[in-house]
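>>> need coordinates for the below:
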Amino acid sequence: MTTPALLPLSGRRIPTLSPGTSSFPHHRATLRLSEKFILLLILSAFITLCFGAFFFLPDNSKHKRFDLGLEDVLIPHIDSPKEGKHPSGQFSGSSSSSSFLNTDEEESLRDKIRADHERALQEAKEKLRKSREELQAEIQTEKNKLMEDLKKKDAGPKPLPPVPMPRVVGVSDGEPPEPDVKEKRDKIREMMKHAWDSYRQYGWGHNELKPLAKKGHSTNIFGNSQLGATIVDALDTLYIMGLHEEFKDGQEWIEQNLDFGVNAEVSVFEVNIRFIGGLLATYYLSGQEVFKMKAVQLAEKLLPAFNTPTGIPWAMVNLKSGVGRNWGWASAGSSILAEFGTLHMEFVHLTYLTGNPAYYQKVMHIRKLLAKMDRPNGLYPNYLNPRTGRWGQHHTSVGGLGDSFYEYLLKAWLMSDKTDTEARKTYDDAIEAIERHLIRKSNGGLTFIGEWKNGHLERKMGHLACFAGGMFALGADGSPDDKAGHYLQLGAEIAHTCHESYDRTVLKLGPEAFKFDSGLEAVAVRQNEKYYILRPEVIETYWYMWRFTHDPKYRQWGWEAAQAIDKYCRVSGGFSGVKDVYSSNPTYDDVQQSFFLAETLKYLYLLFSSDDLLPFESWVFNTEAHPLPVLHLGSVNKESFSFG
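You can find the predicted model right below:
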C-alpha cells in the first residue's frame, strides 16, 4: 500500500512550486528585466533566510526529535526506516526513545540542505528565463501526466493473484425433513424479509434503520458517513435464505456506491467483523469477485491503525487520513482486548486471497506480544496500552470488552484445519484460568460467568457472555485431558442459565446483564441493564448446542425467542429493540441493528435447518456470524503462513 508522506507537526505542508506550474501573469510574453531582478532578489533572500535559520536553531544533538511521542498521535504513517524499525515491520521501543543526531549525521544533513537550496535557486533562475509559450507547454505536459495518473487510478487496483478456492459446501438449501420445523424456518425467513424490505424502503444506504421514525440511523462506530452497514452485514444471510432478488439489490448498491475513501473515523473492530467479514463471506458463498475486491480495499484502509509503538492497533482510524486514536473512556488511552484480539480470522483470509503477508503478520505479532506478557492469575485484562505495552486496569470479562478474543483463539485453530496448535494451546490455557476464577454456581444451581475486577469477582453476567456456551461446545472436541464431555456439559449449563434470564422476564426476552446475589438470580437489577437490543448471543448458543446434541429443547427455546421478538419487537417499519423486558408495556429504542439481520435471524434460520447447511467441517463463523471456509494452508503460500 502506498503510504502518505510524513507531515510536519504543524499539520501543514510546506508549499512547493511543482514543475509546470506558475504563479506568474499570463498576459505578457516576458517579464521586464527589472521585474525579474526584483523577483529573483526576493526569492534569494527568502532561501537565505530559511538556510540561515537552520544554524540558529538549538543543537539537535541535545534534543529529542519528537516530544511526548506526539508522532504516534498526529502522524498517520510512522514506518520510517531510520526510526528503529524491525524487519517484521514493527516499531522498536516506545515513542519516547527516539534517536538522536550525532555530529556526522548533523553535518550530512546540513550538506543535504545546502544542496537542496542550491538546486531550488537554480530551478527558480531557469523558470524566470522561460517564455510564456515554454511555460504553457510545461503546464500542458503536467496536465497530460495527471490525466494518465487518473486513468490508471480509475482502472482500479491490480488484479489479485489466483489462489485455489477453498472447499465450499452446503451454501444453500438445508431444508429440514420435518414439516413443523420447515414451517418455523419459513417464519424466520419472512421476518428477515420484513426487516430487509423495511430497511430497503426507509433507510437504504444508511448504516442502520430507525423503524418507528422510518428513516436512516447511524452510530459513531461507523463514523459520519453512509456506508450501508446493514446491506453489507445482511448479504450472506439473504444468500443463505435464498432471497435472490434482495441479494441482487444489495450487490448492485455495493458495486455502485460503497466507497471507503471517505473522511470518516470508524471502529477498526466493528468495521472488520461487519464489513470485511461480511464481504469475504459473501464472496465465498456467491463467488462474485466484487466482494473480494471491496474487502481488500477496505483492509488497506485499516492497516494504518497498526502504526503504534507496540503494534497493538488503535480502536479507531480515519479511513481517509489514516490517523488513529483510542476511545476516550478506555482506561487511560488503552486499546481493548476484544477489539484488537478479534482480527485474526479475517486477516488470515486477506493474506490468503492477496498473497500479502502483512495482514497475517499484524495479527501474529499481537499474539506473540500477548504471549510474552505476565497475566494476573492467568487472566487477560481487557485493557492494553498501545504505547507502553502495559495492561490497563485489571478487569477481565468473557462478556463485553473480552468476549471474542477467546472465541477467535479457538476459531483460528479450527479455521487452520487444526494446524494452528499455538492458538489452541493459548485458548485452552485461557479457558482453564476462566473456569478457575470466573465460573461459579449460584445458590439456585445456575452456572454463570462473572467478571473479575481488581481481585474481586462480580457476580454479574452479561448477555454478550452467553455466546460462551456455544464456544465451550465448539471447543470440546480437541480439549486437553479428555475433557470433551466436561466442556460440552459446561456449554449446556451456560445455555440453561441464559435461557433462564429470558424466561424470568415478562417479554421472554433477555436483559443486557443479570445478577446472582442478594437472593436474585438471572435477573437484571439496574434499569439501564433491562433492555434488549435484538442481540443474538443466546440464540447462537442454542444453535451450537443443537448441532452437537440434537436435544429438541434447544429448538424449542429458540422458537420461544423468535416468537417473543416477532410479538414485542416487530413494528410496521422493521424491528426495534425494547427498553425494559420486565414491563408489559415496553417502549422501543427505535433502532434496527445491522447485527439483527447478520446474526440473530441467521442463527435462528440455521437452528431450524438441517446440519448440511454450512457444516462445521467446512465453515467457521466469525463473531458477526459471517461464515468463512476452513483453509488448508499446508500446500498454499508457505512463505506467508507459519503456525506455531
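>>> rest of the way, CA atoms for contacts and neighbours
Noted.
>>> wait, isn't residue 295 in contact with residue 273?
No - applying C-alpha atoms under 8 Å, one finds residue 295 not in contact with residue 273, separated by 11.1 Å.
>>> look up phi and psi at the residue nearest to residue 452 when sequence neighbours are not counted.
Nearest residue to residue 452, sequence neighbours excluded (C-alpha to C-alpha, 6 or more residues apart in numbering): residue 396, at 5.0 Å. Main-chain torsions, residue 396, degrees, to the nearest 10: phi -120, psi 140.
>>> moving along the chain from the helix or strand harbouring residue 498, name the first helix or strand you hit.
Assigned by DSSP states H and E, residue 498 falls within helix 484-503. Downstream of helix 484-503, the next assigned helix or strand under DSSP H and E is strand 513-517.
>>> contacts for the next helix or strand after that next one, please.
Toward the C-terminus, strand 513-517 is succeeded by strand 520-523 as the next helix or strand (DSSP H and E). Outside strand 520-523, the residues within contact range by C-alpha atoms under 8 Å, 6 or more residues apart in numbering are 442, 444, 497-498, 500-501, 504-505, 511, 513-516.
>>> for the following helix or strand past strand 520-523, name the packing helices and strands.
Beyond strand 520-523 in the direction of the C-terminus, DSSP H and E gives the next helix or strand as helix 537-549. Other helices and strands packing on helix 537-549, by 3 or more C-alpha pairs under 8 Å, 6 or more residues apart in numbering; DSSP states H and E, are helix 468-474, helix 484-503, helix 552-568, helix 601-607.
>>> in the third one, which residues are buried?
Right, the one you point to is helix 552-568. 554, 555, 557, 558, 559, 560, 561, 562, 563, 564, 565, 568 (16 or more other C-alpha atoms under 10 Å).
>>> show me what contacts residue 564?
So residue 564 contacts 507, 508, 509 (C-alpha under 8 Å, 6+ apart).
>>> leaving out the residues flanking it, which one is nearest to the first one?
The shortest distance from residue 507 to any residue that is not its chain neighbour, by C-alpha to C-alpha, 6+ apart, is 5.4 Å, and that residue is residue 581.
>>> repeat for the second one
By the measure of C-alpha to C-alpha, 6+ apart, the closest residue to residue 508 outside its immediate chain neighbours is residue 502, 4.9 Å from it.
>>> okay, the one you found: pLDDT?
pLDDT for residue 502: 99.
>>> do you know how far it is from residue 393?
According to C-alpha to C-alpha, to the nearest Å, residue 502 stands 32 Å off from residue 393.
>>> in a markdown table, list the helices and strands packed on helix 537-549 along with distance to residue 140.
Below are the helices and strands packed on helix 537-549 laid out as a markdown table (distance: least, C-alpha to C-alpha, whole Å):
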| stretch | distance to residue 140 |
| --- | --- |
| helix 468-474 | 63 |
| helix 484-503 | 70 |
| helix 552-568 | 64 |
| helix 601-607 | 57 |
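>>> of all those, which one is nearest residue 624?
helix 601-607 (10.2 Å; C-alpha to C-alpha).
>>> got the contact list for that closest one?
Helix 601-607 is contacted from outside by 185, 188-189, 191-192, 237, 241, 536, 539-540, 542-543, 546, 555, 558, 562, 613, 625, using C-alpha under 8 Å, 6+ apart.
>>> residues contacting the residue nearest to residue 452?
379, 380, 381, 382, 402, 451, 452, 453.
>>> list just the nearest of the residues you listed to residue 128.
Of these, the one sitting nearest to residue 128 (C-alpha to C-alpha) turns out to be residue 382, at 62.8 Å.
>>> select the longest helix from the protein.
Secondary structure assigned by DSSP state H gives helix 103-129 as the longest helix of the chain.
>>> distance from it to the middle of the chain?
In terms of C-alpha atoms, centre = their mean, to the nearest Å, the centre of helix 103-129 is set 45 Å apart from its chain centre.
>>> report the buried residues of it.
Those would be 117, 120, 121, 124, 125, 127, 128, for helix 103-129 by 16+ other C-alpha under 10 Å.
>>> now swap in stretch 534-550 and tell me
Taking 16+ other C-alpha under 10 Å as the criterion, stretch 534-550 shows 534-547 as buried.
>>> same list, these, but as a markdown table with pLDDT please.
Output for the buried residues of stretch 534-550, formatted as a markdown table (pLDDT from 0 to 100):
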| residue | pLDDT |
| --- | --- |
| 534 | 98 |
| 535 | 98 |
| 536 | 98 |
| 537 | 98 |
| 538 | 99 |
| 539 | 99 |
| 540 | 99 |
| 541 | 99 |
| 542 | 99 |
| 543 | 99 |
| 544 | 99 |
| 545 | 99 |
| 546 | 98 |
| 547 | 98 |
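>>> circling back to that earlier point, mark which of the contacts of strand 520-523 are buried, thanks.
442, 497, 498, 500, 501, 504, 505, 511, 513, 514, 515, 516.
>>> could you check how far the first one is from residue 200?
Residue 442 sits 46 Å away from residue 200 when distances are taken as C-alpha to C-alpha.
>>> what of residue 356?
36 Å.
>>> quick one: contacts for the closest residue to residue 537 other than its chain neighbours?
In space, and not counting its chain neighbours, residue 537 is closest to residue 467: 4.6 Å by C-alpha to C-alpha, 6+ apart. Taking C-alpha under 8 Å, 6+ apart as the criterion, residue 467 is in contact with 537, 538, 540, 541.
>>> follow-up on the earlier one: quick one: residues contacting the residue nearest to residue 508.
508, 509, 510, 511.
>>> turn those into TSV, columns for pLDDT and distance to residue 112.
Listed next are these as TSV, based on pLDDT from 0 to 100; distance: C-alpha to C-alpha, whole Å:
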residue	pLDDT	distance to residue 112
508	98	74
509	98	70
510	98	68
511	98	66
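>>> closest one to residue 268 out of those residues, please.
After measuring the contacts of residue 502 against residue 268 - C-alpha to C-alpha - the closest member comes out as residue 511, at 27.1 Å.
>>> roughly how far apart are the closest residue in space to that closest one that isn't next to it in sequence and residue 523?
Sequence neighbours aside, residue 530 is the residue nearest to residue 511 in space, at 4.7 Å (criterion: C-alpha to C-alpha, 6+ apart). Distance, residue 530 to residue 523, using C-alpha to C-alpha: 9 Å.
>>> what sits in contact with each of the two?
Contacts common to residue 530 and residue 523, judged by C-alpha under 8 Å, 6+ apart, are 511, 513.
>>> the more surrounded of those two?
residue 523 (25 against 22; other C-alpha atoms under 10 Å).
>>> how close does the residue nearest to residue 407 when sequence neighbours are not counted sit to residue 602?
Distances taken as C-alpha to C-alpha, 6+ apart put residue 471 closest to residue 407, at 6.6 Å, once the chain neighbours are dropped. Separation of residue 471 from residue 602 (C-alpha to C-alpha) stands at 17 Å.
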